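K.L.:
sequence first, then the predicted structure:
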Amino acid sequence: MRLSCLQENLRSGLAIVGRAVATRTTLPITQNVLISTDQGRLKLTATNLEVAITTWIGCQIEEEGTITIPARLLTDFVNSLPNERIDISGVEQPLGLSLTCGKFQATIHGADAEDYPPIPSVKSGITGKIHAEVLRDAIGHVAFAAATEDSRPVLTGVKVDIKGDDFTFASADGFRLAVYTGKLAEKAKEDSSFIIPARSLAEVNRLTTPQSEPVEFMTTQARSQALFLLDNIQLVSQLIQGTSPNYQQLIPQKHETRAVMDLGQFQRAARTASIFARDGSGIVRLQVSAADGRVSISSRAEEIGENTGDVEAKVEGDDSKIAFNSKYLSEVLDVLGSGEVALETTSPSSPGVLRRVDKEGYTHVVMPMFVQW
């Protein structure tokens with residue numbers, strides 16, 4: 001292998017694939033990045049066996065080749081170099097790479113590319129396209145609500161349903177449920193349903209940040225893998241096998257009280273209450289007063305103190321009270337953006353529902369906490 005590329009391009013490429021490099025693994029070679037020449041460009045690939053990310057950068061190739069190099073060492077070295085041309089050449093004994101940039105030179109030992117785990121490919125299956133901005137919005141509204149513990153794997157994923165030109169993302173961790181519905185960039189040729197790890201979608205979200213063109217995705221017929229195609233980037237993720245809860249049955253179909261509040265004021269009151277809730281089992285109490293047109297948000301810690309904040313509200317229905325975990329309440333308010341938010345409740349022991357008033361398509365259900373009023 002012999003080639004040259006700009007430090008800026010190589011640094012950017014390593015940053016893209018770096019998030020897929022395994023950190024704790026029983027397969028040490030997955031801590032390497034796979035470097036190869038591919039049709040006049042330099043191809044970088046990393047995988048942690050759950051997700052694989054590949055990107056291509058421009059370079060001048062004199063001799064083709066492929067090798068794997070420790071990702072962290074290579075990234076740290078390249079990041080320390082000046083923004084100049086890097087000359088890269090393969091070393092036979094011991095196997096590795098020699099890198100020269102200006103007055104800096106290093107030799108990094110590597111491993112044979114044949115020992116690297118094969119990167120899954122999705123060459124045929126069910127395809128679709130979604131606008132990058134819509135995809136980022138959908139992921140941002142649901143991925144955080146997925147479970148982080150692996151005791152129930154299906155809950156660590158996001159359920160994706162595609163029907164015609166409609167799509168639905170849904171995630172739940174047993175204490176809350178987030179459902180986002182939207183439109184595809186074009187009608188899908190075939191309806192499909194699968195569960196993708198929330199961590200994989202978070203990486204897709206990160207990679208689409210600079211992109212404006214629609215993102216193409218594809219799943220295998222066996223629903224075992226999903227592929228996302230971006231500008232010069234390809235992400236392949238394993239899909240989660242199993243049956244996720246029927247989220248439609250978890251959304252309350254009616255409510256006794258509906259309070260519409262300014263989202264900014266609600267956020268401020270919830271954030272203030274969460275300070276005291278930290279020492280009070282994370283409990284935030286919400287009391288809706290129809291006569292006064294307000295929602296009181298309070299919390300207390302027995303040995304420290306208590307706090308109450310009032311938010312003006314347009315209330316439909318009866319007075320109501322409900323308690324939420326402060327973390328769950330704060331996280332959903334943070335993703336709702338701005339405008340007005342509606343809180344729908346039935347009883348202190350029934351789930352509460354949060355929706356944006358001026359933006360349809362998103363529903364967030366939070367299970368209540370049982371408290372002494």
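P.N.:
All right, it came through fine. Numbers count the residues shown, from 1 in each chain.
K.L.:
and residue 77, backbone torsions?
P.N.:
Main-chain torsions, residue 77, degrees, to the nearest 10: phi -70, psi -50.
K.L.:
count the neighbours of it for me.
P.N.:
Counted with other Cβ atoms under 10 Å, the neighbours of residue 77 add up to 18. C-betas here are computed from N, CA, C, even on glycine.
K.L.:
OK, contacts around the nearest residue to it once chain neighbours are set aside?
P.N.:
If the residues on either side of it in the chain are set aside, residue 77 comes closest to residue 106, at 5.7 Å by Cβ to Cβ, 6 or more residues apart in numbering. Neighbouring residues of residue 106 by Cβ atoms under 8 Å, 6 or more residues apart in numbering: 77, 98-99.
K.L.:
which one of those residues sits closest to residue 280?
P.N.:
residue 77 (48.9 Å; Cβ to Cβ).
K.L.:
check contacts around that closest one.
P.N.:
With Cβ under 8 Å, 6+ apart, residue 77 has these contacts: 99, 106, 108.
K.L.:
how near is it to residue 243?
P.N.:
Distance of residue 77 to residue 243, given as Cβ to Cβ, to the nearest Å: 47 Å.
K.L.:
export stretch 143-155 as CSV, just CAs?
P.N.:
Extracted C-alpha coordinates of stretch 143-155, given in CSV (Å, rounded to 0.1, in the frame of the first residue of the first chain):
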residue,chain,number,x,y,z
ALA,A,143,-34.3,7.1,20.8
PHE,A,144,-33.9,8.5,24.3
ALA,A,145,-36.9,6.7,25.6
ALA,A,146,-35.5,3.2,24.7
ALA,A,147,-34.2,1.0,27.6
THR,A,148,-30.4,1.1,28.2
GLU,A,149,-30.3,-2.3,30.1
ASP,A,150,-30.2,-5.5,28.1
SER,A,151,-32.5,-7.5,30.3
ARG,A,152,-35.2,-7.2,27.7
PRO,A,153,-33.4,-6.7,24.4
VAL,A,154,-36.5,-5.6,22.4
LEU,A,155,-36.9,-2.6,24.7
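K.L.:
starting at the chain centroid, how far to it?
P.N.:
Relative to its chain's centre, stretch 143-155 lies at 12 Å (Cα atoms, centre = their mean, to the nearest Å).
K.L.:
same question for stretch 112-124.
P.N.:
Using Cα atoms, centre = their mean, the offset of stretch 112-124 from its chain centre is 24 Å.
K.L.:
and it, end to end?
P.N.:
29 Å (Cα to Cα, to the nearest Å).
K.L.:
what does it contact?
P.N.:
Counting by Cβ under 8 Å, 6+ apart, 27, 29-30, 32, 34, 36, 45, 47, 49, 52, 54, 66-68, 95, 218-221, 225-227, 236, 238 sit against stretch 112-124.
K.L.:
let's go with 10 Å and repeat that
P.N.:
Stretch 112-124 is contacted by residues 22, 27-30, 32-36, 45-49, 51-54, 65-68, 95, 217-221, 224-229, 234, 236-238 when judged by Cβ atoms under 10 Å, 6 or more residues apart in numbering.
K.L.:
residue contacts, residue 326?
P.N.:
270-271, 273-278, 280-284, 297, 299, 369.
K.L.:
how about 8 Å then?
P.N.:
So residue 326 contacts 270, 273-274, 277-278, 282-284, 299 (Cβ under 8 Å, 6+ apart).
K.L.:
of those residues, buried ones?
P.N.:
Neighbour-count burial (16 or more other Cβ atoms under 10 Å) applied to those gives 270, 273-274, 277, 282-284, 299.
K.L.:
mind putting the residues you listed into JSON lines with distance to residue 152 and pLDDT?
P.N.:
As requested, the buried ones among the contacts of residue 326 are arranged in JSON lines below (distance: Cβ to Cβ, whole Å; pLDDT from 0 to 100):
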{"residue": "270", "distance to residue 152": "28", "pLDDT": "95"}
{"residue": "273", "distance to residue 152": "30", "pLDDT": "94"}
{"residue": "274", "distance to residue 152": "27", "pLDDT": "93"}
{"residue": "277", "distance to residue 152": "26", "pLDDT": "91"}
{"residue": "282", "distance to residue 152": "22", "pLDDT": "92"}
{"residue": "283", "distance to residue 152": "25", "pLDDT": "94"}
{"residue": "284", "distance to residue 152": "26", "pLDDT": "96"}
{"residue": "299", "distance to residue 152": "30", "pLDDT": "94"}
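K.L.:
any idea which of the residues you listed is closest to residue 340?
P.N.:
residue 270 (15.0 Å).
K.L.:
whichever strand or helix holds that closest one packs against which elements?
P.N.:
Take DSSP states H and E as the rule and residue 270 turns out to sit in helix 263-277. Counting contacts by 3 or more Cβ pairs under 8 Å, 6 or more residues apart in numbering; DSSP states H and E, helix 263-277 is packed against strand 283-289, strand 294-301, strand 305-317, helix 326-335, strand 340-345.
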